[in-house]
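Provided below are the primary sequence and the corresponding predicted coordinates.
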Amino acid sequence: MAEDSSGREAGSLADLSELIVTTSADGIVAVDDGGIIRLCNRAAQDLLSRSQAELVGTPFGLPVVGRRTTEIELMQPGGGERVVEMRTTTATLEGSRLHIVSLRDVTGRKQAEHDLEAALEQRSVVLAVAAHEFHGPLAAISILAQTLAEQLGRPTAAPADEQVQIIQRIIDLASRLQLLTRRLMTAARIDTGGVPPSPEPVPVLEAIVEQVAYVAAKPGDVRVSCSPGLVVRTDRAEFGAMLGNYLDNALTHGRPPVEIRATERDKVVEIRVSDCGPGVPESFVPRLFDRFARVAAPGSAHRQEGTGLGLWIVATFATANGGAAWYEPGPRSAFCLRLPIARVA
């Protein structure tokens, strides 16, 4: 005999049917030893996307193991899938054994768990990247500062030009840390939704010159080709971040001279940042603008360069401002940016 939660016996198939229908919000299916469905409730019909007439008398199609909880994936007729938690108990009804299968839709819970795992993994990656990228410059600054202090404390001080070189190296490393900090803060702002772009007319040449002034480039390392009258409609700060990341990427991973060329094409402005370096390995190109994508340094199968955030920030900001970002291989590989042109009256 089968019993409900109050201990009442269900003496017939009709009694069990009534209990199934009235006492459970989960999908309930009663399956005999031959694997044939004998009963089902409305929730089970919804989960299985089949009517009672289509289900009763047909094979259940899933193994029913007593007192065990399993998760199954149910494909939906319109596409997509549901994750269902399945629990099975056994009852004796009218002298025959039935397997009472409880089906609970846990799709929402599994998605929430997946999102949480992804967020935690992403946070771990951010911390790992930050720790790795900050460790080198900070260690170098410490050593250089200690060396400079020792030199200044000697009776015979080191030559002034040597001290200047050490100080300049410290300045360069500090600038690198500032860049890394900006990228991490920008990534955090994007993740939290931040402030939406505020498009305005921005002179392209003015923005390029501003970014060139920020980088530690030697004379002649950066060449610019841009009409003074060329204006894009974009968020000024985000445009600066796009240009800055492209330029830093070329100077860090490429080879000078770096050329920044801006041209007008069919109501848009195309900006190409190219250099004389070896370019990006062909196998890595499809992931180039992915978040945390980092290519191994030339000559090394293990060490990876950069945070993997710069190009992702460019692509994210470009899309948000109605444009696009992409890479073109070639003798002078180029990182390209397209933004809407602004007509100035």
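Cool, got the structure.

pLDDT score for Leu19?
Leu19 carries a pLDDT value of 55.

One more: Gln111?
At Gln111 the predicted local distance difference test score is 78.

Glu259 too?
94.

name the helices or strands packed onto the lengthiest strand in the chain?
Longest strand of the chain, by residue count under DSSP state E: strand 81-93. Taking 3 or more C-beta pairs under 8 Å, 6 or more residues apart in numbering; DSSP states H and E as contact, the helices and strands that strand 81-93 lies on are strand 2-3, helix 13-23, strand 69-75, strand 96-105, helix 107-153. Using the backbone N, CA and C atoms, a C-beta is placed for each residue, glycine as well.

And Ser5, what's its pLDDT?
Reading off the per-residue confidence, Ser5 sits at a pLDDT of 40.

Okay, buried residues for the longest strand of the chain please.
Residues of strand 81-93 classed as buried under the neighbour-count rule (16 or more other C-beta atoms under 10 Å) are 82-88, 93.

go on, stretch 231-249?
For stretch 231-249, the neighbour count (16+ other C-beta under 10 Å) marks 231-236, 238-249 as buried.

got it, and stretch 266-283?
Of the residues in stretch 266-283, those buried by neighbour count under the rule 16+ other C-beta under 10 Å are 269-275, 277, 279-280.

export the residues you listed to JSON lines and tack on secondary structure?
Formatted as JSON lines, these follow (DSSP: H, G, I helix; E, B strand; the rest coil):
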{"residue": "Val269", "secondary structure": "strand"}
{"residue": "Glu270", "secondary structure": "strand"}
{"residue": "Ile271", "secondary structure": "strand"}
{"residue": "Arg272", "secondary structure": "strand"}
{"residue": "Val273", "secondary structure": "strand"}
{"residue": "Ser274", "secondary structure": "strand"}
{"residue": "Asp275", "secondary structure": "coil"}
{"residue": "Gly277", "secondary structure": "coil"}
{"residue": "Gly279", "secondary structure": "coil"}
{"residue": "Val280", "secondary structure": "coil"}
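
Reformat these into a markdown table and put distance to Leu47 and pLDDT next to each item.
Conversion of these to a markdown table gives the following (distance: C-beta to C-beta, whole Å; pLDDT from 0 to 100):
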| residue | distance to Leu47 | pLDDT |
| --- | --- | --- |
| Val269 | 53 | 96 |
| Glu270 | 52 | 96 |
| Ile271 | 53 | 96 |
| Arg272 | 54 | 95 |
| Val273 | 54 | 95 |
| Ser274 | 56 | 94 |
| Asp275 | 57 | 91 |
| Gly277 | 56 | 87 |
| Gly279 | 52 | 86 |
| Val280 | 47 | 87 |
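
Just give me the closest of those to Ala44.
Comparing the buried residues of stretch 266-283 against Ala44 with C-beta to C-beta picks out Val280 as the nearest, at 52.9 Å.

Would you confirm that that closest one contacts Pro329?
Yes: applying C-beta atoms under 8 Å, one finds Val280 in contact with Pro329, separated by 7.0 Å.
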